[in-house]
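1. Sequence and predicted structure below; questions after.
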Amino acid sequence: RPCRTLIRRPAEHDTMIIRNGGGDAISKDFIDNPVLTPAESLRHLQKAMWEENMDICYLILTHLSYIPEQFLATHAFGMKMIEHEAVYPCGNGITQAGKDVIDAAYTLKVDDKRATVLIDIKHMGLKSRLDLYAYRKEKDYEAIPLIASHVGVTGYSIQEWKSALEECRLLVKNGIPYAGVTMDRKMAGKWGAMNNKFTFNGWSINLMDEDIEEVLKSGGLIGISLDVRILGWQDITGKGDKEEFLSWEDFRYFFPEKAAALSKGEEVFKESRLIPTKEERHPLALCFNILHIAAVARLVEGVKDPFKQVCIGSDYDGLINPIINCRDAGDMPALERNLLKWMPVAESAYLEENGGDHLLPQKSGKLDMNALRAIISDILYENGKAFLQRWAVGK
């Protein structure tokens, strides 16, 4: 991370990265330069990394909590299990410090050689992501690929997402207002006789159609998370609360009339229960997310094969509830078999619900299974590697 002070202890220098007695270039840089702005820190860190024959491929401007020492952008709510004011989104999109980091990342050079660092849109609030796209256009950065490293999709355009608002409430913690919002989930498709409704996860931490378009047209990469919550999985054993939280400024930006009503004390909130499904059909949720990206891609000029721009983002960090068929990377072959089985089922259900033509390859009027095997293999194993190889050469 660019910040060089300890979180919540800004007067103390962060020495955790210093190792081997401080003899390496990275440790030496942290020792010699304890106070730098985030943008300056990134430039120093990339140079030190190159001296150690390493490289920064991409960075995330924000994560799961508000950190005042390096407030670069408003984060999207995603830490449901922790009750702390820091996990609630704060702010109004990308800050000037955040823009400075973007400038540094996109224009970095080391010894007159291009050393660009990509931006990952994961964990950024929706308003922050829109700010990023606008800033990229303003500064002519649009040819630099975007990454969405471990995500799901909402199934909505931004306007559809706004129209899906069911309930909202005003929440105040330590004098700071937040908005709790509950969205109707978009149907992805139906399968089975009971508990057969599959929906996308409408939380704004997931990609809107506009996000998908921005990543694809940039030549970037979308990594699909294997966290079943993110994919839209709905569990009868959990609380199943559909509510997420937005910073008050973000809420006012997207829902100005609702914000005006709530700020006058008109609070509305209703706890919602999610619709249960069967665990053994976890891969269907993954399939629906992949297919929606392919459907949106048809509207994006210049995208020839969207399946080449999708990979697995996994998010195996010990906090997620991964799909039951793929608890760790060793289960990828099993996931491959499951996707081969469920992708045609998901396509049929998706088209029945959302309309449109076939998204999977056809041959002589039937599903081309060999082409589908190649697509699944690319998504699981090849696309991410190929993207990094292309980017390394282009760098």
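-> Thanks, I have it. Residues are numbered from 1 along each chain as shown.
2. Going by C-alpha atoms from here, please, whenever you check contacts or count neighbours.
-> Noted.
3. Quick check: Glu210 touching Ile158?
-> Yes. Counting by CA atoms under 8 Å, Glu210 touches Ile158, with 7.2 Å between them.
4. Tell me the spacing between Gly175 and Ala349.
-> Separation of Gly175 from Ala349 (CA to CA, to the nearest Å): 46 Å.
5. Looking at these two now, which is surrounded by more residues?
-> A count of neighbours by other CA atoms under 10 Å puts Ala349 above the other of Gly175 and Ala349, at 21 against 7.
6. pLDDT score for the more buried one?
-> Ala349 is assigned 90 on the pLDDT scale.
7. mind pulling up the phi and psi values for the closest residue to it other than its chain neighbours?
-> Spatial nearest neighbour of Ala349, chain neighbours left out: Gly189 (4.6 Å); criterion: CA to CA, 6 or more residues apart in numbering. Backbone torsions of Gly189, given as degrees, to the nearest 10, read phi 170, psi 170.
8. next SSE after the helix or strand bottoming out on mean pLDDT in the chain?
-> When the helices and strands of the chain are scored by mean pLDDT, DSSP states H and E, strand 9-13 comes last with a mean of 63. Moving toward the C-terminus from strand 9-13, the next helix or strand (DSSP states H and E) is helix 25-32.
9. Please state the offset of that next one from the chain centre?
-> Distance of helix 25-32 from the chain centroid (CA atoms, centre = their mean, to the nearest Å) equals 31 Å.
10. what helices or strands is that helix leaning on?
-> Counting contacts by 3 or more CA pairs under 8 Å, 6 or more residues apart in numbering; DSSP states H and E, helix 25-32 packs against helix 38-51.
11. thought Ala86 was touching Ile67?
-> Yes. Taking contacts as CA under 8 Å, Ala86 lies within contact range of Ile67: 7.4 Å.
12. Need the residues that contact the host helix or strand of Arg229.
-> When elements are assigned from DSSP H and E, Arg229 belongs to helix 228-231. Residues from elsewhere that reach helix 228-231 (CA atoms under 8 Å, 6 or more residues apart in numbering): 151-153, 200-201, 206, 225, 282, 285-286, 289, 321-323.
13. Compare Ala86 and Ile67 and say which is more crowded by neighbours.
-> Comparing Ala86 with Ile67 by other CA under 10 Å, the one with more neighbours is Ile67, at 19 against 15.
14. which ones among the contacts of helix 228-231 are found in strands?
-> With strands taken from DSSP state E, the overlap with these comprises 151, 225.
15. Now, the contacts of helix 228-231 that are in helices?
-> Mapping the contacts of helix 228-231 onto helices (DSSP state H) picks out 282, 285-286, 289.
16. From those, which shows the smallest pLDDT?
-> His282 (76).
17. what's the neighbour count on that one?
-> For His282, the neighbour count with other CA under 10 Å is 24.
18. Ok, Glu52 next?
-> Residue neighbour count, defined by other CA under 10 Å, stands at 12 for Glu52.
19. Looks like it contacts Gly23 (just checking).
-> No. Counting by CA under 8 Å, Glu52 does not reach Gly23; the two are 11.2 Å apart.
20. Run through the stretch 151-300 of the chain and note the low-pLDDT ranges.
-> Confidence mapping of the stretch 151-300 of the chain against pLDDT under 70 gives the ranges 194-195, 234-241, 265-281.
21. Can you show me the strands along it?
-> For the stretch 151-300 of the chain, the strands defined by DSSP state E, counting those that start in this stretch cover 165-173, 176-183, 187-190, 197-199, 221-225, 243-247.
22. With distance to Gly78 and mean neighbour count added, can I get the ones you listed in JSON lines?
-> JSON lines is the format used below for those (distance: least, CA to CA, whole Å; neighbours: other CA atoms under 10 Å):
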{"stretch": "strand 165-173", "distance to Gly78": "17", "mean neighbour count": "17"}
{"stretch": "strand 176-183", "distance to Gly78": "13", "mean neighbour count": "20"}
{"stretch": "strand 187-190", "distance to Gly78": "22", "mean neighbour count": "22"}
{"stretch": "strand 197-199", "distance to Gly78": "18", "mean neighbour count": "23"}
{"stretch": "strand 221-225", "distance to Gly78": "13", "mean neighbour count": "27"}
{"stretch": "strand 243-247", "distance to Gly78": "8", "mean neighbour count": "24"}
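23. Which among those is found nearest to Asn383?
-> With CA to CA as the criterion, Asn383 lies closest to strand 221-225 of the strands of the stretch 151-300 of the chain, at 8.4 Å.
24. What helices and strands are in contact with the closest one?
-> Strand 221-225 packs on strand 146-151, helix 282-297, strand 310-314, going by 3+ CA pairs under 8 Å, 6+ apart.
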